[in-house]
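>>> Fold the following.
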Amino acid sequence: MTAIAHFVAISCYVGAAALAATPFARPVGAPVRGVVALLAAGVLAHLAGLIAYARVVGQLPLTGLGPSLSFAGLVLAATLLVVELIARDVSLTLVTAPLAAVPTICANLIGFAPGVEMPGARGAWLFAHIALSFVGIAAFGTAAAAGCMYLVERRELKSRRFGAIFRFFPPLATLDRVNHIAAIAGWLGLTLGVVLAVTYSVAYRELSVPKVIWAMGAWLAVSGIALRRIVGGWQARSAAIYSSDSFAAVVAMYVAFRVAETNGGGRFL
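Purely as a prediction, here's the structure:
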């Protein structure tokens, strides 16, 4: 059931991205209702798969590499769905839906072997830290996607090419606003997640240096965007470049730590 539900979810995410790309193939607008329906179906199938997993193993999908990656994909897809429903625009789907599909595919390939679940208050503490951190990373990814689209559209406008990108992408001001709000949401989520992680490590004397370095790197990256936009009045182009580059660096750092820990016999999430 879990594997089938994930396959359905992946198909819906990829299908939504393909449907959102319709304006690049012919001069028509993207079918907003169709894209949103596919995204919603993917999120529901994904959620059903994780619920089935939780019932079988008796724990939430927040421990173990496969379940955690799947949960990250679900949070990213759900965040995208909320943004698209509020904005009534599906252009972000072109970038973010594949981002949600990638960890979901990896989870399916790796398998859904559960990790060790902590009991009682300790488990709830750990759950809150992981869930908030995933929400923060999902919002950070949304800010990065909006930043990428902003840079592409700005380049098209400066070169006076008014093709499919001009017809399909939302106004630059809208993309800048999404980048701004998502960066702040990402900062709030990661700040709460990091605070809970640090206090958890101190309280239970569990410290993983690679995890701390990666978490602090992600937090510093998203903090740079949020604080510069709030305090420094950062221009849209600068924020778009920084959010795109910093998110890519955070993902690259995760991959590097994951490979290093795996080769060394560790268990970096």
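>>> Quick check: buried residues in the helix or strand harbouring Val8?
Using DSSP states H and E, Val8 falls within helix 2-20. By 16 or more other C-beta atoms under 10 Å, the buried positions in helix 2-20 come out as 2, 5-6, 8-10, 12-20. C-betas here are computed from N, CA, C, even on glycine.
>>> Which residues outside that helix are in contact with it?
The contact list for helix 2-20 (C-beta atoms under 8 Å, 6 or more residues apart in numbering) reads 30-31, 34-35, 38-39, 41-43, 45-46, 48-50, 52-53, 56, 70, 73-74, 77, 90-91, 93-94, 97-98, 100-101, 104-105, 107-108, 112.
>>> Among the buried residues of helix 2-20, which one lies nearest to Pro61?
The closest of the buried residues of helix 2-20 to Pro61 turns out to be Thr2 (C-beta to C-beta; 9.3 Å).
>>> any idea whether Leu62 is helix, strand or coil?
Classification of Leu62 using DSSP: H, G, I helix; E, B strand; the rest coil returns coil.
>>> ok, for it, nearest residue in space, not its chain neighbours?
Distance criterion C-beta to C-beta, 6 or more residues apart in numbering; nearest residue to Leu62, sequence neighbours excluded, is Ile130 at 4.6 Å.
>>> what residues are up against that neighbour?
Taking C-beta under 8 Å, 6+ apart, we find Ile130 in contact with 62, 68, 193.
>>> My read is that Val83 contacts Val178, right?
Yes - counting by C-beta atoms under 8 Å, a contact exists between Val83 and Val178, whose distance comes to 6.7 Å.
>>> what is in contact with those two at once?
Contact criterion C-beta under 8 Å, 6+ apart; residues shared by Val83 and Val178: 92, 142.
>>> between these two, who's got more neighbours?
A direct count of neighbours by other C-beta atoms under 10 Å for Val83 and Val178 places Val178 higher, at 24 against 21.
>>> Check the gap between the more buried one and Thr142 for me.
Using C-beta to C-beta, to the nearest Å, Val178 is found at 7 Å from Thr142.
>>> Identify the contacts common to those two.
83, 92.
>>> Kind regards, and thank you for your time.
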